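In: Following is a predicted model, sequence given first.
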Amino acid sequence: MNLLNLEEPVQHSAKWYQPKHAPLLMLAFRPLFLLGSLWACAAMIAWFAILSGYLRWPGSFPATLWHAHEMLFGFASAIAIGFLFTAAKNWTGVNTLNSWPLLGLCVVWASARVAGIWSAQPLLWLIIFQGLFWLISICHFTWVVLQVHNSKNYLFVPVLALLATLNMVFIVVLDQRAFELAGLLSQMAVLGFTLLISILGGRVVPFFISRGLGLSHQQRTPRLDKVLLLVSVLGICGFFAHHFLEQPMVPGYLLILAGVLHLLRASFWFQIRVFTVPLLWSLYLAYLSMAIGLVGFGAAYLGSGWQAKDALHLITIGGMGMMILAMMARVALGHTARPLTPHPLISAAFILCLISALIRSLLPVYIGPHLAWQISALIWSAGFALFAFIYAPILVRKRLDGRRG
């Protein structure tokens with residue numbers, strides 16, 4: 001993966017309060033990482049308050065489904081779009097959303113978060129704002145990669161379209177009060193995000209390891225990558241056929257196979273020195289968490305003692321959550337021309353996220369689901385609050401080299 005230095009110097013006459021020159025609006029990762037991390041913290045604190053009885057849930061649908069929606073389609077989607085827009089500029093040399101258009105996208109995203117709780121018709125406004133966020137994001141990303149025929153990254157378009165479709169159907173199903181179906185859609189969305197991580201992770205994790213450790217070459221697994229992509233897609237299709245088409249096939253075998261292939265791929269990337277670099281061991285452990293969670297989720301279909309929802313949370317908290325933290329931590333430093341040496345406390349944020357995942361996925365059977373959920377929520381919130389505290393000044397300030405970006 002070759003990264004191009006595309007940033008131009010900021011004009012000396014530029015003012016920080018002008019949207020065109022405001023550092024926060026120069027690249028999508030800045031506002032979306034900041035908003036996403038703050039929402040990850042705030043939404044989880046709200047979830048803890050609901051679980052503990054300190055906050056009354058005002059919605060007409062279960063609070064568990066609001067929690068699932070906001071973590072997947074609110075928080076994770078914002079980070080994914082922020083990363084993809086930033087990466088697409090490097091991949092193609094084409095400017096992605098910035099200035100007023102980027103501010104508009106952020107306002108749309110934030111409006112969806114507010115509408116989902118406090119509006120008179122939350123589901124109507126949620127589908128409008130959330131749908132608009134996906135529409136703008138997918139159309140813009142597609143336009144960027146098509147301009148230069150960047151076919152290597154066309155694959156992200158159908159994956160984003162899948163997630164957007166699941167999001168819209170999820171909201172419609174909530175409106176129809178088919179809550180069990182909505183829960184299944186959220187689980188399918190998690191599998192969709194594992195597909196996204198499989199593609200992105202297969203590129204950036206070995207690249208970051210080779211760069212971070214100063215290796216002479218990057219470990220590549222092209223054949224395994226293709227097999228893994230096929231198995232992952234088949235696993236999602238199997239999940240859909242089993243739950244939505246009521247076919248007798250059991251998706252567990254494909255999900256387990258996908259998890260095992262992820263573990264195999266991770267073994268090719270392994271270097272013992274990974275555990276000496278926080279920005280690397282966090283990525284690596286996140287990837288392993290996702291792989292083990294997939295194995296556990298698949299095994300639940302075959303009668304294992306590990307509950308499907310608990311295994312799924314090893315994917316969402318340990319896999320998605322910690323990988324998001326690690327990616328944000330590295331991207332924010334690299335794209336603001338800062339040394340790739342994070343604040344010492346950012347390691348604590350990674351550890352808190354991992355502990356949160358282990359508590360939520362492994363301890364419900366020992367200390368009870370409710371208590372495990374509460375403890376996990378608080379620890380997750382502490383991890384993302386720590387990230388926001390450390391990285392907010394970085395995200396809102398200009399690059400150290402004076403260039404745009």
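Out: Done, it's in.
In: drop to CA atoms for contacts and neighbour counts, all remaining ones
Out: Noted.
In: I'd say W281 and F270 touch.
Out: No - the criterion here is C-alpha atoms under 8 Å, and W281 misses it with F270 at 10.1 Å.
In: Between the two, tell me which one has more neighbours.
Out: W281 (20 against 14; other C-alpha atoms under 10 Å).
In: Can you tell me, leaving aside adjacent residues, what's nearest to that one?
Out: Leaving aside its sequence neighbours, W281 sits nearest to F275 (C-alpha to C-alpha, 6 or more residues apart in numbering; 5.0 Å).
In: Would you point out which residue is most central in the protein?
Out: For the chain, the residue nearest the mean C-alpha position is A76 (3.7 Å; C-alpha atoms, centre = their mean).
In: For the stretch 101-250 of the chain, just list every one of the helices.
Out: 122-147, 156-175, 179-213, 222-243 (DSSP state H, counting those that start in this stretch).
In: Next, format those as TSV and append distance to N98.
Out: Output for these, formatted as TSV (distance: least, C-alpha to C-alpha, whole Å):
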stretch	distance to N98
helix 122-147	12
helix 156-175	20
helix 179-213	23
helix 222-243	32
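In: quick one: contacts for P206?
Out: 218-220, 269 (C-alpha atoms under 8 Å, 6 or more residues apart in numbering).
In: If you could redo that for N153, that was the one I meant.
Out: So N153 contacts V145 (C-alpha under 8 Å, 6+ apart).
In: what do you get for W134?
Out: Counted by C-alpha under 8 Å, 6+ apart, W134 has contacts A164.
In: Please apply the same query to Y287.
Out: 201, 266, 319, 323.
In: ok, now with 10 Å
Out: Contacts for Y287 (C-alpha atoms under 10 Å, 6 or more residues apart in numbering) come out as 194, 197-198, 201-202, 205, 262-263, 266, 281, 293, 315, 318-320, 322-323.
In: Below-threshold pLDDT in the protein: ranges please.
Out: Residue ranges of the chain with pLDDT under 70: 1-20.
In: how close does the residue nearest to G131 when sequence neighbours are not counted get to L155?
Out: The shortest distance from G131 to any non-neighbouring residue, by C-alpha to C-alpha, 6+ apart, is to M168 (6.8 Å). According to C-alpha to C-alpha, to the nearest Å, M168 stands 21 Å off from L155.
In: ditto for L312
Out: 25 Å.
In: Neighbour count: those two, which is higher?
Out: L312 (26 against 11).
In: hang on, isn't that one packed against L255?
Out: No - using C-alpha atoms under 10 Å as the test, L312 is too far from L255 to be in contact (11.6 Å).
In: Find residues that contact each of these two.
Out: Shared contacts of L312 and L255, counting by C-alpha under 10 Å, 6+ apart, come down to 191, 293-298.
In: Check those residues and tell me the two furthest apart.
Out: L191 and G296 (13.0 Å; C-alpha to C-alpha).
In: Find residues that contact each of the two.
Out: Joint contacts of L191 and G296 (C-alpha under 10 Å, 6+ apart) are 255, 312, 315.
In: Just name the closest of those to Y366, please.
Out: Among the shared contacts of L191 and G296, and counting by C-alpha to C-alpha, the member closest to Y366 is L312, at 17.6 Å.
In: ok, that closest one - contacts?
Out: L312 neighbours (C-alpha under 10 Å, 6+ apart): 187, 190-191, 290, 292-298, 318-319, 357, 360-361.
In: Could you report the distance from it to P222?
Out: Taken as C-alpha to C-alpha, the span from L312 to P222 is 27 Å.
In: for M320, same thing?
Out: 23 Å.
In: ok, now R403?
Out: In terms of C-alpha to C-alpha, R403 sits 35 Å off from P222.
In: cool, G235 as well?
Out: 20 Å.
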